[in-house]
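# okay, sequence plus prediction incoming.
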Amino acid sequence: MKSTYKMALAALGGAALGAAAIHGLHAQGKPLAYAITEVEIIDQAAFNEFSPKVPATMQPFGGKYPVRGGKVVALDGDAPKRVVVSVFDSIEKAQAWRDSAEWKALTPIRTKAAKTRAYLAEGVTN
């Protein structure tokens, strides 16, 4: 192979390696955010009306449920009756979801349906 082709191939390989490294660094840049909600249902009928409407409010912000209900076991202190964990790409997206008009429109049903304690927690970067 001629030396110009070897140089060009080496430059192309270096550029590809650099692009892959930059992509990896950007992927690690923002930690995921978790919206954690402790729920005590006080009106089952209202909760049955409220609960199916929530995923549509999260979808524009990329929210997903790794935990939604299920068994809760106390390790220290008292465990809530029900826990919901939603995950978002960033704390900003999670906050934007909670500030959205779609979420706020559910507030009257939510407050009738359940007592809640909710907070956002930023995950760790890998």
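The structure has been received and is ready for your questions. Residues are numbered from 1 along each chain as shown.

# can you tell me the element Y119 falls in?
Per DSSP states H and E, Y119 falls inside strand 114-122.

# swap in A56?
helix 54-58.

# which parts of this structure are helices?
Ranges of helices within the chain are 3-29, 44-50, 54-58, 91-99, 101-105, 107-113, based on DSSP state H.

# lowest average pLDDT across those helices?
Among the helices of the chain, helix 3-29 carries the lowest mean pLDDT, a mean of 56.

# which residues does F61 contact?
88, 93-94, 96-97, 100 (CB atoms under 8 Å, 6 or more residues apart in numbering). Every residue, glycine included, has its C-beta placed from N, CA and C.

# spit out the contact partners of the spatially closest residue to it that is not a sequence neighbour.
Spatial nearest neighbour of F61, excluding adjacent residues (CB to CB, 6 or more residues apart in numbering): W97 at 4.1 Å. Applying CB under 8 Å, 6+ apart to W97 gives the contacts 35, 57-58, 60-61, 63, 88, 103.

# now which of these would you call buried?
35, 57-58, 61, 63, 88, 103 (16 or more other CB atoms under 10 Å).

# adding distance to P80, write those out as CSV.
Formatted as CSV, the buried ones among the contacts of W97 follow (distance: CB to CB, whole Å):
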residue, distance to P80
A35, 14
T57, 22
M58, 20
F61, 24
G63, 20
F88, 21
W103, 20
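
# returning to what we had before: so how far is V83 from the residue nearest to F61?
Counting by CB to CB, to the nearest Å, the gap from W97 to V83 is 18 Å.

# just A113 next, same as before
Counting by CB to CB - A113 and V83 are separated by 16 Å.

# same question for K104.
22 Å.

# neighbour count for the two, which is higher?
V83 (16 against 12; other CB atoms under 10 Å).

# any idea what the more buried one is bridged to?
For V83, the beta-bridge partners are E38 (DSSP bridges).

# the chain should start at 46 in everything you say after this.
In the new numbering, first residue 46, that becomes V128.

# right, and it touches A80 too?
No. Here V128 does not reach A80: they are 11.3 Å apart, not a contact under CB atoms under 8 Å.
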